[in-house]
Each structure stands twice: as structure tokens, then as C-alpha cells.
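Engineer: what's the 3D shape of this:
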Amino acid sequence: MQIILVSRHLKAARTITIMPRHLLAVAALFLSAVLVTALLFSWLSLYWRLPVVEDALLAIQQRQTRETRDFITNNLQMMATRLGELQGRVIQLDTQSAHLSDVAGVKRDKERSVPAVEPGRGGPFLPVSMSASELYQEIERLSGDVDRRADELALLEFKILEKRVQDRLMPTTLPVKEALIGSGFGFRSDPFSGVKSRHDGLDFSAPSGTPVYAAADGVVLEATFHPEFGNVVDVDHGEGLMSRYAHLTEYSVKVGQLIRRGERLGSVGTTGRSTGPHLHFEVRMLGVPQNPAAFLKRSEEFASLQRR
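Structural biologist: Below is the predicted model:
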């Protein structure tokens, strides 16, 4: 590339020729100046500690430290809150478990039972802060305790429900209210022949038409007429347990019907082999006669009945 210089002081035009090496030299000189300037400022910031640079670095460090401290503090507070919630939950589950154990009649583990008299303790309160790792370990331990106690509580609830179902199926309700007890369970003199005989039930003496109620939940197994029992209703309570209601004037249920405890089955009568109005009540287990009094004595009403 050529540059022509023209001036009034020059008698003739002057030509300057610029070669590629000249351009490279200029570029190298410019880059060297930039690099020297950058190094100069770096040296000044490192050794002379320019106030602007130092203040900017300090502000950045303080902000990062504050953010880190706030993050750690928030996490520790959340972990401490979670720890308190778990401790409260453990106490709550222990209280519920103790109550349900008493209701269900289940003995608790000795290692978890509270001693009758705790040893004396005391002294000044000197709290010790926990580290993040200690808080995490304690939270994990209490979480496991909560899960175990929740499982035990669910088991106790199941046992209570099972007990309630069993109680509903046990013939413990008086089949006749305000009656007199006649012949008991066992041996007696036959009312017709006077010969010693076996009596497989319990007689409730009451006027004809007196309501007869189911002693427990169950399903009507038989509702028919029997030559000796007269109008008779058999109720199946499950697990081989059955109750029988005999000598009825009439019955108001049918075979296969679901019956509830205390629901009316029929009325006292004197049908079949009977000398007068009464209810013959039986309880059988797998076909074997049981003493009905052993079941009915759980009822407070049974104790108030009078023998004839």
C-alpha cells in the first residue's frame, strides 16, 4: 500500500510505501501496550491495595458469608422444629398406646413401661447445642420410633376392633327382660315323668307374649316347629357358637336373616313339650351344650334376675 504526501513546502509530491511488516509491528506494539496496562493495574491492586478493588472484594466475601450463614441457620431451625414435632409425636403415640393397651387388655413391653417410682434427679439447666449431624441423627432415630409406635398402635386398634367384634358375637344379652329363672343348666327331675334328666339350657319364666331378643349378633340358622321345643329359633354366631330360643308362641325371623344383638326374635310361649309359658335358652359350642349363665353373667341385668 502506497501513501502520497502533498505539501506546499515540498517542491514535489512524496510517496510512502507501507508494507505488511509495518502493520504487524504496529499491532504488536498496541497489544504490548494493552498487556502492560493490565499488568500494571493488577500489580497496583495486589500490592498497593486500591481502595475500590479491596472494598468490592470485601463486599462480595461478606455477602457470600452472610448467605451461607443464613442458609445454615435456617436449616438448623427447620431441623430443630422437626425434632420437636417428632418428640411430641412419640409422647402422643405412647399415651395413646398405653390407653389402648388398657382397653384391649394387652400388656406393654417392660422396657417401654414407665416405672412406678422414678429415681430423684435435679440440678441446674445447662443446655447443650447440637450440631447439624447430631440433629440429623436424632431426627432419624425419632422417625424410626414414630414408625414403630404407629405400627404398634395400628395393631392395638385391630385387636380392640377384633375384641369388639367377638363381644358382639358372644351371647351375653338377656333374651327375656324382667323374667324369673326356672330350671337351670345341668341335671333335674323331668317336669312330666319326675325322672332324673339332663337340662341343656336355662329357662326364663315370663307371661306369654313377652318379647324374646337375640343374645348376640348372628345369622338365623333355623326358624321352625319342633315336636319337643315347639316354635324354635337357632342363631349361628360363628366359630361354632350357636344360641337356641325354644317354646315360642311365634317367631318373627326367617332362615338366613342377619340378626343384631337385642333384636326381637319372637315371643315367649308354651309350645312343644312345656308345662307353662317360658323361654328355653341354650348356648352350644360345636354342638356341645354350654351353661348359658357363664355367658349371661357378664351382663348386669342377669345378676338382678330372681329364681323362681
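
Engineer: Buried residues, the longest strand seen in the chain. List them.
Structural biologist: Taking DSSP state E as the criterion, the chain has its longest strand at strand 241-251. With burial defined by 16 or more other Cβ atoms under 10 Å, the residues of strand 241-251 counted as buried are L241, M242, S243, R244, Y245, A246, H247, L248, T249, Y251. For the C-beta atoms, the positions are set from N, CA and C on the backbone; glycine is no exception.

Engineer: and it, which strands flank it?
Structural biologist: Paired strands of strand 241-251, with direction, are strand 230-238 (antiparallel), strand 264-268 (antiparallel), strand 278-285 (antiparallel) (DSSP bridges).

Engineer: Using the record's assignment, carve the chain into domains.
Structural biologist: 2-48, 75-106+132-169, 180-307 (automatic domain parsing).

Engineer: The helix or strand containing E301 - contacts with which helices or strands?
Structural biologist: E301 belongs to helix 300-303 when assigned by DSSP states H and E. Helices and strands touching helix 300-303, as assessed by 3 or more Cβ pairs under 8 Å, 6 or more residues apart in numbering; DSSP states H and E, are absent.

Engineer: Please identify the buried residues of it?
Structural biologist: Result for helix 300-303 [16+ other Cβ under 10 Å]: buried residues F302.

Engineer: Grab the CA positions of that helix and hand them over as CSV.
Structural biologist: Coordinates of the C-alpha atoms in helix 300-303 are reproduced here as CSV (Å, rounded to 0.1, in the frame of the first residue of the first chain):
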residue,chain,number,x,y,z
GLU,A,300,-75.5,-56.6,84.9
GLU,A,301,-79.1,-57.4,84.2
PHE,A,302,-78.6,-61.1,84.8
ALA,A,303,-77.5,-60.5,88.4
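
Engineer: what ranges do the strands span in the stretch 151-300 of the chain?
Structural biologist: 180-181, 186-189, 196-199, 202-205, 211-213, 218-226, 230-238, 241-251, 258-259, 264-268, 278-285, 288-290 (DSSP state E, counting those that start in this stretch).
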